[in-house]
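A.B. asks: Need coordinates for the following:
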Amino acid sequence: MKRLLPSHIQKIYYPIDRRIYVERAIRTIHPEAVVLVEAEVWPNFLWLVQDWRIPVFLVNARLSERSYRAYRRFGFLFRAIFRSLTGVGCQNEADASRLRELDVGPRQSR
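C.D. replies: Have a look, this model is predicted:
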């Protein structure tokens with residue numbers, strides 16, 4: 001995978017999702033943007049990049065019916081994180097529909 005990326009783009013793995021580790025990683029890396037693949041929801045990481053105003057994009061997003069029900073049930077925990085995403089790209093319309101119902105992604109006038 002690394003060979004396919006331009007030299008100025010680095011692929012790294014998440015630190016353990018504890019605030020102290022995440023903050024150390026962000027301070028070290030200084031990302032201009034973050035691209036999440038599929039549906040990686042790491043709350044401490046996402047809260048910190050939101051605090052630092054780092055744009056976050058979710059690509060190749062998918063969301064099973066089971067996960068959808070869980071996120072809907074605990075929406076009060078995830079709603080702010082989901083709304084903070086700068087952009088979202090889904091695998092199919094069913095996933096896109098479930099994510100829209102959860103209010104995932106940037107606010108748009110409707």
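
A.B. asks: Helices of this structure, start to end?
C.D. replies: Secondary structure of the chain (DSSP state H): helices at 19-29, 43-51, 65-73, 75-83, 93-101.

A.B. asks: Pick the most buried one from the ones you listed.
C.D. replies: Ranked by mean neighbour count, those are led by helix 43-51 with a mean of 17 (mean count of other Cβ atoms under 10 Å). In short, each C-beta sits where N, CA and C put it, glycine included.

A.B. asks: The lowest-mean-pLDDT helix or strand in the chain relative to helix 43-51, how many degrees between them?
C.D. replies: Ranked by mean pLDDT, DSSP states H and E, the weakest helix or strand in the chain is helix 75-83, scoring a mean of 82. Helix 75-83 runs at 50 degrees relative to helix 43-51, counting by axes from the mean of the first three to the mean of the last three Cα atoms, to 10 degrees.

A.B. asks: In the longest strand belonging to the chain, which residues are buried?
C.D. replies: Across the chain, the longest stretch assigned as strand under DSSP state E is strand 56-61. Of the residues in strand 56-61, those buried under the neighbour-count criterion (16 or more other Cβ atoms under 10 Å) are 56-58, 61.

A.B. asks: Tell me where the chain is predicted with low confidence.
C.D. replies: Within the chain, the stretches with pLDDT under 70 are 1-3, 39-40, 107-110.

A.B. asks: Among the helices of the chain, which comes closest to residue 36?
C.D. replies: Each of the helices of the chain has some distance to residue 36 by Cβ to Cβ; the shortest is helix 43-51, at 8.6 Å.

A.B. asks: returning to that earlier point: next, format the helices of the chain as JSON lines and append distance to residue 10.
C.D. replies: Below are the helices of the chain laid out as JSON lines (distance: least, Cβ to Cβ, whole Å):
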{"stretch": "helix 19-29", "distance to residue 10": "8"}
{"stretch": "helix 43-51", "distance to residue 10": "16"}
{"stretch": "helix 65-73", "distance to residue 10": "29"}
{"stretch": "helix 75-83", "distance to residue 10": "24"}
{"stretch": "helix 93-101", "distance to residue 10": "27"}
